[in-house]
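I'd like to go over a predicted model; first the sequence, then the structure.
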2 protein chains.
Amino acid sequence: MGEEVISNKQVILKHYVSGYPKESDMELKNSTIKLNVPQGSNVVILKNLYLSCDPYMRGRMKKIEGSYIDSFTPGSPITGFGVAKVLESGDSNFQKGDLVWGMTGWEEYSIVTPTDQNYLFEINDKDVPLTILESLLFLQGMPGMTAYVGFYEICSPKKGETVFVSAASGAVGQLVGQFAKMLDCYVVGSAGSKEKNKFGFDEAFNYKEEQDLDAALKRYFPNGIDIYFENAGGKMLDAVLLNMKLHGRIAACGMISQYNLEQTEGVHNLFYLISKQIRMEGFVIFDYFHLYSKYLEMIIPKIKAGNVVYVEDVVEGLENAPTALVGSFLVAILVSKL
Amino acid sequence: MGEEVISNKQVILKHYVSGYPKESDMELKNSTIKLNVPQGSNVVILKNLYLSCDPYMRGRMKKIEGSYIDSFTPGSPITGFGVAKVLESGDSNFQKGDLVWGMTGWEEYSIVTPTDQNYLFEINDKDVPLTILESLLFLQGMPGMTAYVGFYEICSPKKGETVFVSAASGAVGQLVGQFAKMLDCYVVGSAGSKEKNKFGFDEAFNYKEEQDLDAALKRYFPNGIDIYFENAGGKMLDAVLLNMKLHGRIAACGMISQYNLEQTEGVHNLFYLISKQIRMEGFVIFDYFHLYSKYLEMIIPKIKAGNVVYVEDVVEGLENAPTALVGSFLVAILVSKL
């Protein structure tokens, strides 16, 4: 391959953010890129198709230390999960034309070096119809894996248990509910709106309409909650602790209500962890990719059979990515069609 | 046996308590008791020797609902763990003259019905010298079992890990530290005084002398904490969360700093459960008595060899029990000598 240099639109983090991120913390840059793999290099050149816009990414815009993940680098493109097509590869695990899922950049083309920290998975299932390509990012990507690991590995669910999911209309939440229904669990979700029927939850409520979260939970769980999939934190966690059953389990996946507060809300009811013998466990998907093929075995037949539904906003064009990152928490960015 | 009726001094809960208990919430009563087992009954008549005075008992003086344990009954004796001698038994598992450990009353003589909820264990080891009888209550009783279950079962400890114990001079805390040292762990305890050498901890500090608990923990754990044995709650838990290592474990045994506050302190740093992938698990010893014989197998040789030390206040006489319950959290009450 020659020395083809082409233009590469990028979304750049301008500087570390403090407080809630603004669109002006990012800028669009028209850069250029050489689409060839240097002799002896193991880089993979990707054409990005879909990029995932996830709530945890807002945290990476801050200067963080000692966390499970690094800050983004000011002056460089935002990075995150995406679906891409391999244009050239110096890594024998990937071939030109492969569809891949993994960590890539918020730009039209990315040069990545696959490592343990820098995941890249080939999407093996070549006969996935294009109509469900959009689901790859979500169902076969980070949200799907997160819901799977959090529910099956962390919560030790049993058939018929009662399950509560906060941020239930989020990418992860809507799948947790569906996984729980597959185990014949009773599932209630809370969200900032009320769209239970879309995901087959038994019940749903809009936490913004509830004066008293404890009373709302008692209404839906008169006998208590076996499993709480925690995406909210703060007051919701406090209300949930009041309503957990003995030997309940809490998978702590996110605490979205707390991310952009100057001072986090204090949680007052932790003594119930003791009196009800509750296990609360935080997890981060980066440590569970050894289960990825097991997850795909479970989910791909369900995707093909249309047994898993998802609701996702798709924003077209990198130029709309900063707005999506600041404003929403369930968006995929379409960079390029296949 | 005839109809022997003798006097029975009792410590009675006068009424449910709100706020911090006072001595005047209890009263001494000179009652009487018949020391015979009615025909066909399975009760066991105990002569109480030692009674354990534990922090959790103050909680039982309040009107509580939906907890792992009931309130005490106003008008009836306080109940708790004790060592006793069997005077008469209608239960074939116990014989006259047996030494037993289990749930009994704060009175000279108790009539108990052993059940799953109402534990009574025979102390099999007849050759325990009388000089270590006092240790039975503590090392072979609830504090020992609690330390064992919390450390070995909940914390999944590995050789050489770093362990922090709050309320380290308490009945449970001092044993957790010793169990951790047996696994070559590095152990630091915090307490309201500084008595590390008594229990062989590596380091200890007095939390009352520390302006900044986070800084204190960083001083003793520059590389972070693998295991936290939680007896404190509140501000200490918040400081610990800042200093836990990735994949740390927290056994939540008690939150003594919070028990008698009108409003518990809010805990602000729970997001670290996620970013550090921490497992925090509450436990109550009542659900782990199936491990009791396994625990005794471990601890009895160590007691006999003098390899486990303990510091315990012994208060003589039931008339001093109310003061002990209100004032201290590491006291045994000597009711009667063997």
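Looks like it came in fine.

domain assignment for chain A?
Annotated domains of chain A cover A:5-124+A:312-334, A:142-286 [automatic domain parsing].

Endpoints of the shortest one, how far apart?
From the first residue to the last, domain A:5-124+A:312-334 extends over 23 Å; the measure is Cα to Cα, to the nearest Å.

do you know which of the domains of chain A lies nearest chain B?
Closest approach to chain B among the domains of chain A (Cβ to the nearest Cβ): domain A:142-286, 1.3 Å. The way it works is simple: take the backbone N, C-alpha and C, and place the C-beta from them, glycine included.

thinking again about what came up before, most packed of the domains of chain A?
domain A:142-286 (a mean of 21; mean count of other Cβ atoms under 10 Å in any protein chain shown).

check whether it contacts chain B.
Yes. Using Cβ under 8 Å from any Cβ of the partner chain, domain A:142-286 reaches chain B at A:233, A:237, A:246, A:252-255, A:258, A:263-284.

Using JSON lines, please lay out the domains of chain A together with distance to B:Leu99 and mean pLDDT.
As requested, the domains of chain A are exported to JSON lines (distance: least, Cβ to Cβ, whole Å; pLDDT from 0 to 100):
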{"stretch": "domain A:5-124+A:312-334", "distance to B:Leu99": "52", "mean pLDDT": "88"}
{"stretch": "domain A:142-286", "distance to B:Leu99": "30", "mean pLDDT": "92"}
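
Just send these back as CSV, with distance to B:Leu175 too.
Output for these, formatted as CSV (distance: least, Cβ to Cβ, whole Å):
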stretch, distance to B:Leu175
domain A:5-124+A:312-334, 32
domain A:142-286, 18
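
A:Leu291 falls within a helix, correct?
Yes. Applying DSSP: H, G, I helix; E, B strand; the rest coil, one finds A:Leu291 inside a helix.

What about it, how many residues nearby?
Neighbourhood size, A:Leu291 [other Cβ atoms under 10 Å in any protein chain shown]: 16.

Specify the local secondary structure of A:Asp214.
Using three-state DSSP, the structure places A:Asp214 in helix.

who touches it in this structure?
Applying Cβ atoms under 8 Å, 6 or more residues apart in numbering or on different chains, we find A:Asp214 in contact with A:239, A:242-243.

These in strands, which ones?
Residues of the contacts of A:Asp214 located in strands (DSSP state E): none.

Next up, the contacts around A:Ile6.
By Cβ under 8 Å, 6+ apart, the contact list for A:Ile6 reads A:32-33, A:35, A:109.

Intersect those residues with the contacts of chain B.
Subset of those in contact with chain B: empty, counting by Cβ under 8 Å from any Cβ.

A:Ile64 and A:Ser71 touch, don't they?
Yes. Counting by Cβ atoms under 8 Å, A:Ile64 sits close enough to A:Ser71 to count as a contact (5.1 Å).

Who's the closest spatial neighbour of the most centrally placed residue in chain A, skipping the chain neighbours?
In chain A, the residue lying closest to the centroid (Cα atoms, centre = their mean) is A:Pro143, at 3.8 Å. The shortest distance from A:Pro143 to any non-neighbouring residue, by Cβ to Cβ, 6 or more residues apart in numbering or on different chains, is to A:Ala171 (3.6 Å).

A:Ile303 too?
With Cβ to Cβ, 6+ apart, the residue lying closest to A:Ile303 is A:Leu139, at 5.5 Å.

And for that neighbour, the neighbour number?
By other Cβ under 10 Å, the residues close to A:Leu139 number 24.

Phi, psi for it please.
When read as degrees, to the nearest 10, the backbone of A:Leu139 gives phi -80, psi -40.

how near is the residue nearest to A:Pro143 to B:Tyr272?
23 Å (Cβ to Cβ, to the nearest Å).

hey, where'd the helices end up in the stretch 151-300 of chain A?
Along the stretch 151-300 of chain A, counting by DSSP state H, counting those that start in this stretch, helices occupy A:171-182, A:196-199, A:213-220, A:234-243, A:271-275, A:292-304.

Of all the residues in the last one, which ones are buried?
I take that to be helix A:292-304. Of the residues in helix A:292-304, A:292, A:295-296, A:299-300, A:303 count as buried by neighbour count, 16 or more other Cβ atoms under 10 Å in any protein chain shown.

which residues touch the residue nearest to A:Ile303?
A:175, A:299, A:303, A:308, A:310.

Pick the one among the residues you listed closest to B:Ile154.
Of all the contacts of A:Leu139, A:Leu175 has the smallest distance to B:Ile154: 29.9 Å, by Cβ to Cβ.

Now the closest one: closest residue in space that isn't a chain neighbour?
A:Ala147 (3.7 Å).

so that neighbour sits in a helix?
Yes. According to three-state DSSP, A:Ala147 belongs to a helix.

Next, find the distance separating it from A:Tyr288.
12 Å.

Please name the nearest non-neighbouring residue to A:Glu262.
Nearest to A:Glu262 is A:Gly19, by Cβ to Cβ, 6+ apart, at 7.2 Å.

ditto for A:Gln95
Distances taken as Cβ to Cβ, 6+ apart put A:Ser89 closest to A:Gln95, at 6.1 Å, once the chain neighbours are dropped.

quick one: the one you found and A:Ile111 touch, right?
No. When contacts are counted by Cβ under 8 Å, A:Ser89 is not listed as touching A:Ile111 (10.8 Å).

Touching both of the two, which residues are there?
Shared contacts of A:Ser89 and A:Ile111 (Cβ under 8 Å, 6+ apart): A:44-45.

Switch the helices of the stretch 151-300 of chain A over to TSV; also include distance to B:Val335.
Output for those, formatted as TSV (distance: least, Cβ to Cβ, whole Å):
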stretch	distance to B:Val335
helix A:171-182	52
helix A:196-199	59
helix A:213-220	43
helix A:234-243	38
helix A:271-275	29
helix A:292-304	59
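
Figure out which of these is closest to B:Ser24.
helix A:271-275 (26.3 Å).

Which residues does that closest one contact?
With Cβ under 8 Å, 6+ apart, helix A:271-275 has contacts from A:241-242, A:244, A:278, A:280, B:67-68, B:233, B:252-255, B:258, B:264, B:280-284.

Just the ones of the residues you listed in strands?
Taking DSSP E, the ones among the contacts of helix A:271-275 that sit in strands are A:244, A:280, B:252, B:280-282.

about what we covered before: for the residue nearest to the centre of chain A, give me its contacts.
A:52, A:54, A:170-172, A:175.

Tell me which helix or strand A:Leu87 sits in.
strand A:79-89 (DSSP states H and E).

which helices and strands does that strand pack with?
Secondary-structure packing of strand A:79-89 (3 or more Cβ pairs under 8 Å, 6 or more residues apart in numbering or on different chains; DSSP states H and E): strand A:44-53, strand A:99-105, helix A:133-139.

is it true that A:Ala232 touches A:Ile256?
Yes. With contact defined as Cβ under 8 Å, A:Ala232 counts as touching A:Ile256 (6.1 Å).

Can you tell me the closest non-neighbouring residue to A:His268?
Closest to A:His268 by Cβ to Cβ, 6+ apart is B:Thr264, at 4.7 Å.
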